[in-house]
Every structure is written in C-alpha cells, then in structure tokens.
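> Sequence and computational prediction follow.
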Amino acid sequence: MDKGKAVMGSGRRWAVDFTDNSTTPSSRDIPDPPGFYRASQEQDDSAVTKQKKDAEANWKSQKAWEVAQAPFKNLLMMGFMMWMAGNTVHLFSIGITFSALWQPIGALQGVGKVFEPYKDTLGIWKLNTLGLLPTHVSDWVSSLPPAKEVEYSGGGMPLR
Amino acid sequence: MEDHSLLLLQQGKVVWSREDGLASIIGVTTSELPVEKEGVSVAKVELNLFEWLKGHMLKVKGSLMLASAEDVAAIQGMRLKSSEKSKMIRDHNGFRKLLIVLTKSGKLFALHTGDGQIVWSLLLNSLRQTEACKNPTGINVFQWQVPHHHAMDENPSVLVVGRCGTGTDALGIFSYIDTYTGKELKYFGLDHSVAQVIPLPLTDSTEQRLHLLIDANGQAHLYPRAPEAVSIFQRELSNIYWYSVEADKGLIKGHGLKSNCAGEAADNYCFGTRELWSIVFPSESEKIISTVTRKSNEVVHTQAKVIADQDVMYKYISKNLLFVATVSPKASGDIGSATPGESQLVVYVVDTVSGRILHRMTHHGSQGPVHAVFSENWIVYHYFNLRAHRYEMTVIEIYDQSRADNKDVLKLVLGKHNLSSPISSYSRPEVTTKSQSYYFTHSIKAIAVTSTAKGITSRHLLIGTIGDQVLAMDKRFFDPRRSVNPTQSEKEEGILPLTDSLPIIPQSYVTHSLKVEGLRGIVTVPAKLESNTLVFTYGVDLFFTRLAPSRTYDSLTEDFSYALLLITIVALVVAIFVTWVLSEKKDLSDKWR
C-alpha cells in the first residue's frame, strides 16, 4: 500500500497492490474477508513449540532409556565375564562370582532397581554351576560316621 | 644266653653285650609315655650350674674347632641326651611312644620310638624254664590296661600270653607287665590250653580290657577273673561270636557263646560254645592258605564315598568280615610245582557272624603264597599268576547296595535318615563288589596299610618286598574304578588311568637306601597328629619311621617364619592408620575449598 501510494502521489488510488499482508500488523485497516479466522496463527506457533516440545520429550525419553538400559548392559557384561570365568573353581572365577553377588547390594542406591533380582539370580546360578551350593547328597554325607555293629566276632587260625 | 643276648667276657668282665633277642620278635604292641608332671624331673641327668657351664664351654670349643676327640664325643653325647625326640614324656603330636616287643626268648623290650633306645627290658619270669614248664613259649602281647578316663593315676600294662609247651593243648600262662616301670605285676598259670585269644571291645571300670581265651576243647574263658567283668560280659553275651579256621581240615566254623560251661572245671568265668555255622571247602580242589581280617582298632572316618558328579557310594564297613584264600592242593607248594591248568586260586569274603559268603572270585592258573591286607571296605592281595609268569595284585572293594537309595538331600539335611543306626549282620544287606587286578614285579614278604588317628588321611599300602625294603604305594593305584580313558569328572576325582602293571617309583621306598634284613612283619601305629603315622618293621633288623601319606597338611612347616608374619601384620596396621589419617585430612581440605 505504501508502494501504491508512493507511486500515485497525487491522491488518486486506482491500483491495488496485492502484497502479503498476513504477517504485517498494518493490515488491520482492511477488514478480514468473511470466514477468515485469525486463530490459525496461534496454531502454527504451537506447532513449532510442539515440535520443540516433541524434540525435547524425545530427547528426554532417549536419555531416560539410556539410563534405564545401563544396568541391563551391565548385566550383560557381567554375564559375559561369568561365562569367561569357566566351569572350574579358580581364583578368578571365585572373585568374579563374589563381585557379582556384592554388586546388587551396591546398586541398591542407584537407578535401575528393576534389574536387581536378575543380578541376584545370576550370582546364584553361577554358584550352582560351579558346584558350590550344597544341593547334592555328597555335601551332606561326608560327616556321617560309620554305623556301629551290633555283633562282634573274633578268632582265626589256632595260635601256634 | 637265655635271653638270646651276646656278651663278650674278658677276664671275668663284660666288655660289651648285644640284645640279639630283638632279631626274633613275635609280637608288637605300643604304650604311651607318661604325661609331663609338675615337679617331677624327667631328665635322667640333673644339670646343676657347674655342669651346665662345663657343657657350654665344650660347645664353644667345638664351634671354634679347638675340641679334642673326647670333647667331640662328649658334645655328641650331650646333644643326644637333650634332643627333643628322645625325651621320656608324651609329646603333643603323639610321635614319642614306647614299642613293647615280645621276642621268642620270652624277653619283653620297650623301645623308644624317638631313637630306638631300649628303655627297659624284662626276661619274663613266667616264661622261664621251671620244673612245671619245661619249654615255655610266648604267644603274643596284648594291651591290657590303658587308663585314660577312670584310672588316671595307674600305669598302663600289657598282657603276655604264653603256653607251657609247644603242643596246642599245653596249659597257658598269663603275665601282666607295667609299661612305665617294666616290672612284672602278676603272673600265673592257667588251667586250660590256649587256642585263641580274642580281645573284646569291652573294658571294666579300671580300664582293663576283657579278653576271651578259647581253649582246645572249644570252651571260652573270660579274663580278668572278676565279678564286674562277668556282669559286663553277660550283658553282651548274645552278641559275641567267634570263629575258627581249620586249615588242615578245610573248615571254617562259627560259634556262639552259652551262658555257662559244662564239665568239671565249671566256674563263673567259663562259657561254653555252640556251633552256629560252618563252611566246608572241597578238599580235593581247595586248601586254605591265608586268612586276614580288619584290625579291630582301625578308625574309619566316613561311610560314604563321594565319586564323580557328586554322586555317593556307601561303603560296607563291617569288622566281622574274613578274607580267605584257597588254592588247589597240587599248587600249594612252591611256584612252578603245578601247571597252570591244574592250579587255581579262589578267594572268599565271609561274614563271620552269620557265615554268609559275601563274595567269591576265582583266579584260574594262579597260586600262592598269598599276602593280603584288609582295611575299611577293601582287600588287596598278592599272588602269582602262572599263565602270565608274573606276580599280580588284586583289589576288591565292597559297597553297600541297600543304602544306595539314600539320595534324598532334604532327608539328609534334616537328619531323618537311618544311616547311622546300628547294623546287624543278620539283616543280610545287599552288597556289591568291584575288583581289578594289576601286575606287580616284586615278590613280597609282608603287607600292611597306614593307619591314622581319625582315618581322614589317604592310605598308603606298605609292601615289604623280597629285597627287604618297604615300598609305600598310594591306595589310588588300587582303585577298581580305574579305566583306560577316564572321563573328565573321573579325572577330577583323582582316578588314575588304568595301566596293566603297578609302577614302582624309586622315591616311594620308605626305607630309602637301607634294607631291613630278614623282614618279617610291618606294624603301623597311628600318631595323634592326623597327617602322620608311625611305621615299625621288624625282622633280623629293626626299622622305624614316620610317614605323612598326604604330606603334612595339618601343621606348619618347621621353617615357618613367625617373625615375618608378625612384621607383616604390624606394617599393615601402621599403613592402615597412616592412610586413614591422610584421607581424613584430604576430606577436610576438600570441604574447605
């Protein structure tokens, strides 16, 4: 409109310049066409903020997932170390087994409480495969003294 | 001399004497040394200050190489007297004991296990030639009184049983000897013969062991002749049996006891016997050459044997088993007197209470002489295989199949099992046996097994070879579960791969480079320390040593440096303190930042 005015200069307005007036606030003197609502502008804003919020939320959830998955990754690593420790009872395997057992007690203060029970069972399962849990008969019979005999018998060849 | 000793007499004086009676030992038993008591001087030589000073001067001279030959001898004598191993008091590990040996001449010696010195010797009056007894002979020596609970102040004593002549119907002789002083406490002649002496597992209130003597007519006599002994015996009368092995008739008979004697000499201490069972061996094909039983004072630690995969087998441990070896009469002579086709060796494991034959095995083409040892639930015996022209050793292990179902862990944990309840031979439990044979290069003269105080240490077999040496072989070589290709779990258990012959490792000779000339017997005595056992072999020479079959796992080595341990502990405590202080300082400075 300024342009049109600037061109004419003499006061005769017969050319209308169809410039974009959606964003300029000076278009207020022209009434809106019927059916046109100004509320759609706020919607576009919220879309941006929504995008921003979405991005934020995504980032937050991603971080949360990372934090949540960290104990699980730890569990996998511990499981691999257990497997490397082997089936025989050596110093290394004993150390790894006991560190696996003490870890859940240390992890009580941390995030990831949901994975604790799996750590416990992993330690116990390793104990079981190493054969250290007293679940077999042989662990309980070694202290059985021989049974007493009711009869006593002596003798042999006649003494010469 | 009457006691088989040699003397050199020169112009009426004895220059030297040797106790050569020790070359004909017929019986060995042990006795503990006295406990160290306060205020009692146990050293034979009382050292006063002057003598101690003189001894010290001599030792200094010796170390400075200024000592003369007599001084060196004196120093040596002093060292021997004051050394730990020849003290006359009991020691903590049970290594110092007295070996009471009875020789053929009727003389009793007490040898100190530390250095073999003769602590006392006694020519038994009971076994000397008298008018009544023209030819007395000793039979054996037994433990009579071993006070440890009730009669603490009394000295232990041993019983020597002899007989008046050489026939089996000669009257018997009893003799009690105090082992601390070496004095004969009492001796008397018996009014019956002695065919067998059975020490019972019963003791009276003065800790005297009850003995049952069977005479040639099959009557049983109880000693000591005291009413208390009779009452203790009457309680157990129905559970005591005895058996007799008559090799010339090929019979084994088992007897029970009746509550009194028949006959004119009936008194309270005489008990009749009745025959319960008999095993008759066919005389045309089997002749008894060897029998062996378990030692009555053997200790077995556990009745379960843990095998691979944490499985359990239950041993059949019964003190009433008898191992009998018979050969065909043609092959009962020297090796080579019969062909392999007509000689066979048959071995039996017999329960002597019920007469049940638990196991029988035949070795075709084999013959004696058979040397066997029976311990826990296994028997190892040695014989000659004519077909292979080699000596062989076979092991038989007996397992209780009736207990094999006790595999419920919960029941065992809660104690709801019957594995410790008393067992009876009449319950006829089902048994299984495993056996295996191996070749062995040597001929042997005697065989024994190590015994320890609690039976936990693994056992070694002590084999007295024809070369008069003693070889110690681990029992793991005689494991019937050996196989050519052991599985992984069997290897973990410690089972050796099967080879056809037993390896003779030169380092496992107990006698090192020495020879025990004329080796006749090997006796093992448990020491108080579980990992050690004492071994005494006799023949013409005497040999004594101490073995640790599983190495000394229950005591520190002699050169353990306690000083280093103390220094380490002190250094660690100091380091802990220093680092604690430093860390406190660091925390404080961090908080102030």
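Perfect, I can see it now.

> is chain A contacted by stretch B:153-172?
Yes. Counting by Cβ under 8 Å from any Cβ of the partner chain, chain A has neighbours in stretch B:153-172: B:T168. (C-beta placed from N, C-alpha, C; glycine too.)

> End to end on that stretch, go ahead and measure it.
In stretch B:153-172, first residue to last residue: 30 Å (Cα to Cα, to the nearest Å).

> Stretch B:348-355 too?
11 Å.

> can you check stretch A:147-160 too?
35 Å.

> Show me what the helix or strand B:L102 falls within packs onto, helices and strands only.
For B:L102, the element it lies in under DSSP states H and E is strand B:97-103. If you count contacts as 3 or more Cβ pairs under 8 Å, 6 or more residues apart in numbering or on different chains; DSSP states H and E, strand B:97-103 packs onto strand B:25-32, strand B:107-112, strand B:137-145, strand B:533-538.

> For those strands, give me JSON lines that also has mean pLDDT, mean neighbour count and distance to B:A446.
Output for the helices and strands packed on strand B:97-103, formatted as JSON lines (pLDDT from 0 to 100; neighbours: other Cβ atoms under 10 Å in any protein chain shown; distance: least, Cβ to Cβ, whole Å):
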{"stretch": "strand B:25-32", "mean pLDDT": "91", "mean neighbour count": "20", "distance to B:A446": "12"}
{"stretch": "strand B:107-112", "mean pLDDT": "91", "mean neighbour count": "22", "distance to B:A446": "19"}
{"stretch": "strand B:137-145", "mean pLDDT": "87", "mean neighbour count": "20", "distance to B:A446": "17"}
{"stretch": "strand B:533-538", "mean pLDDT": "94", "mean neighbour count": "24", "distance to B:A446": "8"}
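
> Can you tell me which of the ones you listed is nearest to A:W65?
For A:W65, the closest of the helices and strands packed on strand B:97-103 is strand B:533-538, at 68.2 Å, according to Cβ to Cβ.

> Which secondary structure elements does the closest one sit against?
For strand B:533-538, the elements it packs on are strand B:25-32, strand B:97-103, strand B:460-465, strand B:521-526, strand B:542-547, judged by 3+ Cβ pairs under 8 Å, 6+ apart.

> Relative to B:E19, which of the helices and strands packed on strand B:97-103 is closest?
Closest to B:E19 of those is strand B:107-112 (Cβ to Cβ; 7.0 Å).

> Can you tell me what sits against the helix or strand just after that closest one?
Downstream of strand B:107-112, the first helix or strand assigned by DSSP H and E is strand B:118-123. Residues outside strand B:118-123 that contact it (Cβ atoms under 8 Å, 6 or more residues apart in numbering or on different chains): B:2-3, B:19, B:88, B:98, B:105-112, B:177, B:181-184.

> one step back: can you list the helices and strands packed on strand B:97-103 in TSV and add distance to B:P422?
Converted to TSV, these look like this (distance: least, Cβ to Cβ, whole Å):
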stretch	distance to B:P422
strand B:25-32	29
strand B:107-112	38
strand B:137-145	25
strand B:533-538	29
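
> quick one: which of those is nearest B:K515?
Of the helices and strands packed on strand B:97-103, nearest to B:K515 by Cβ to Cβ is strand B:533-538, at 10.6 Å.

> Select the helix or strand of chain B having the lowest average pLDDT value.
One helix or strand of chain B scores below all others by mean pLDDT, DSSP states H and E: helix B:409-414, with a mean of 67.

> Would you mind getting the angle between the very next helix or strand once past that helix and strand B:460-465?
With elements assigned by DSSP H and E, the helix or strand that comes after helix B:409-414 is strand B:431-440. Using axes from the mean of the first three to the mean of the last three Cα atoms, to 10 degrees, one finds that strand B:431-440 and strand B:460-465 are set 40 degrees apart in direction.

> So what's the residue count around B:Q219?
21 (other Cβ atoms under 10 Å in any protein chain shown).

> That one and B:L213: what is the separation?
Distance, B:Q219 to B:L213, using Cβ to Cβ, to the nearest Å: 9 Å.

> which residues are common contacts for these two?
In contact with both B:Q219 and B:L213: B:H192, using Cβ under 8 Å, 6+ apart.

> Could you pick out the longest helix of the chain?
Went with chain A since none was named. Longest helix in chain A, counting residues (DSSP state H): helix A:39-85.

> oops, I was thinking of chain B
helix B:562-592.

> Would you mark the buried spots in that one?
For helix B:562-592, burial by neighbour count (16 or more other Cβ atoms under 10 Å in any protein chain shown) applies to no residue.

> so how far is it from its chain's centroid?
Taking the mean of its C-alpha atoms, helix B:562-592 sits 55 Å from the chain's own mean (Cα atoms, centre = their mean, to the nearest Å).

> quick one on the thing from earlier: report the inter-axis angle for the strand holding B:L102 versus strand B:542-547.
Going by the same axes, to 10 degrees, strand B:97-103 makes 150 degrees with strand B:542-547.

> Give me the contacts around strand B:97-103.
Contacts for strand B:97-103 (Cβ under 8 Å, 6+ apart): B:3-4, B:21-22, B:24-33, B:108-113, B:119, B:138, B:140-141, B:158, B:160, B:177, B:179, B:525, B:534, B:536, B:538, B:544.

> Many thanks, I have nothing further to ask.
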